[in-house]
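K.L.:
Sequence first, then the predicted structure, then my questions.
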Amino acid sequence: MKIVRVSATPLHIPVSIDVLGLNKSTSLSLCLTEVEADNGLVGHGMTAITEEEVVATIVRDVAAPALMGEDPMATERLWERLYWLLSPRGQTGYASHAIAALDIALWDLKAQALDLPLWRLLGGARQRVPVYATFGFGFFERDELAAAARLWVQQGFERLKMTVGGHALARRDEPRPIDEVIAEDVRRVAAVREAVGPDVKLYVDANCGLDLFHATELARRIEPYGISFFEEPLTQNDVRQMAQLRSRTSIPLACGQNEGLAFRFRDLLMAQAADVLQPNVAISGGYSQCLKIAGMAHAFNVPIDNGGAWPFHNMHLHAGVANGGMVEYHYVAVQMLRQIFDGLPEPKDGWLTLPERAGLGFAPDPARVRDLARRPLSGGKGKA
């Protein structure tokens, strides 16, 4: 086979959140990719939590010419080519997103060519994976948050994640004192724990929004509520400070969803800075690199979970490798994906069952993608 077409479609999509009759609205962006072979097979990939316009330009104008005429089955060689083309001096950021979007498409195409579900091609460790529901968004008032938590438990989820930190460092000039933010976070965590009882697993995520002082204070004050992990507590996933915070709290620390290259995960492991690593195939260089990250974590006896949403792509990694963990069923992201893709599985009793269809097992609806592509792009506002 030879690659004959590489394309990218940036999208900025409105999402309606119809929970508890609140009818709130938001939007998310992503960039879809396609890699077509000369036998007609097409692989589909994506990336998100970045500027969709920038990634689309990288794919179309820089990466695509380097892939044309190449063998799409040679995923390892093509990943290395894209790395040296887009990240020659070890940068993360946009380059890693673009590589991830293309690598996912290449693996989807490879699995189709071999007539295998992708999770089986990646190792076939298990046919279903546990999910946790990200439900607790900042736009909920405290009483709404507690009610939403009860609703998700009623729907069969026993693992729930809520946001904390309120992007406080990014918004500190509003003004919005960080100590007030974390004080309210403590009250919100308490309300959720009271609403769902002691047996439901509860996770919190600061989205890299706090400094060490305030993350330490927040962790200390929410420890009594039985937090199963504290995700991305610190700005930049600062490895040195993550290790310091880990020594100061009994709450397990998780991070990695927004890391672009494997050396960052190596550094986290070597510094004993995280209890859980969270590579994300749509961000951390695709399946090719996430397999290596999973291998490193396995060697260090550190578990991996999916953070950063996009469960239907990440479920293949966690079903494929022996040390796979949970995938994140992020309500807003899932609502967006259902506008694009057909054939997405539904969770049942807190689990996702992997498809037996070759490749990813689902694909974008071309007509809907064309309609969505007519909408204005985000201009930097689509990262949620």
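P.N.:
In hand now; what should we look at?
K.L.:
can you confirm H44 is in a strand?
P.N.:
Yes: per DSSP: H, G, I helix; E, B strand; the rest coil, H44 lies within a strand segment.
K.L.:
That one: neighbour count?
P.N.:
Neighbourhood size, H44 [other Cβ atoms under 10 Å]: 22. No exception for glycine: its C-beta is placed from N, CA and C like everyone else's.
K.L.:
can you tell me which residues contact it?
P.N.:
L32, T33, E34, I104, A105, D108, L360, A363, P364 (Cβ atoms under 8 Å, 6 or more residues apart in numbering).
K.L.:
Pull up the gap between A133 and W351, please.
P.N.:
12 Å (Cβ to Cβ, to the nearest Å).
K.L.:
And I340, by the same measure?
P.N.:
In this view, I340 and W351 are 23 Å apart by Cβ to Cβ.
K.L.:
higher neighbour count, these two?
P.N.:
I340 (21 against 15).
K.L.:
I'd say the more buried one and A363 touch.
P.N.:
No: using Cβ atoms under 8 Å, I340 makes no contact with A363, being 9.5 Å away.
K.L.:
what's the spacing between A105 and L354?
P.N.:
19 Å.
K.L.:
So for those two, which sits in the more crowded spot?
P.N.:
Set A105 next to L354 and count neighbours by other Cβ under 10 Å: A105 wins out with 29 against 22.
K.L.:
ok so that one is a helix residue?
P.N.:
Yes: the assignment for A105 (three-state DSSP) places it in a helix.
K.L.:
Where do the strands of the stretch 251-384 of the chain begin and end?
P.N.:
253-255, 276-277, 327-330, 341-342, 351-353, 363-364 (DSSP state E, counting those that start in this stretch).
K.L.:
quick one: strands adjacent to the first one?
P.N.:
For strand 253-255, the paired strands and their directions (DSSP bridges) are strand 227-231 (parallel), strand 276-277 (parallel).
K.L.:
so what's L122 up against?
P.N.:
Contacts of L122 (Cβ under 8 Å, 6+ apart): W107, Y287, L291, H316, L317, A319, G320, V321.
K.L.:
Give me the number of neighbouring residues for the last one.
P.N.:
When counting by other Cβ under 10 Å, one arrives at 23 neighbours for V321.
K.L.:
ok, now which ones touch it?
P.N.:
V321 neighbours (Cβ under 8 Å, 6+ apart): L122, G123, A125, L291, A294, G295, H298, I304.
K.L.:
Which ones among those residues map onto helices?
P.N.:
L291, A294, G295, H298 (DSSP state H).
K.L.:
Let's have these in TSV, adding pLDDT and neighbour count.
P.N.:
Shown next, in TSV, are the ones in helices among the contacts of V321 (pLDDT from 0 to 100; neighbours: other Cβ atoms under 10 Å):
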residue	pLDDT	neighbour count
L291	98	20
A294	98	25
G295	98	13
H298	98	14
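K.L.:
ok, these vs R266, which is closest?
P.N.:
G295 (11.2 Å; Cβ to Cβ).
K.L.:
how about the closest one, what does it touch?
P.N.:
By Cβ under 8 Å, 6+ apart, the neighbours of G295 are V321.
K.L.:
Can you give me the distance of it to A322?
P.N.:
10 Å.
K.L.:
Also D349?
P.N.:
On the measure of Cβ to Cβ, D349 and A322 end up 23 Å apart.
K.L.:
Could you do R248 as well?
P.N.:
Relative to A322, and taking Cβ to Cβ, R248 is found at 32 Å.
K.L.:
cool, G136 as well?
P.N.:
31 Å.
K.L.:
which one of these two has more residues nearby?
P.N.:
G136 (26 against 10).
K.L.:
per-residue pLDDT, that one?
P.N.:
Per-residue pLDDT puts G136 at 92.
K.L.:
give the contact list for it.
P.N.:
Counted by Cβ under 8 Å, 6+ apart, G136 has contacts L145, A148, A149, L160, K161, M162, T163, R188, V192.
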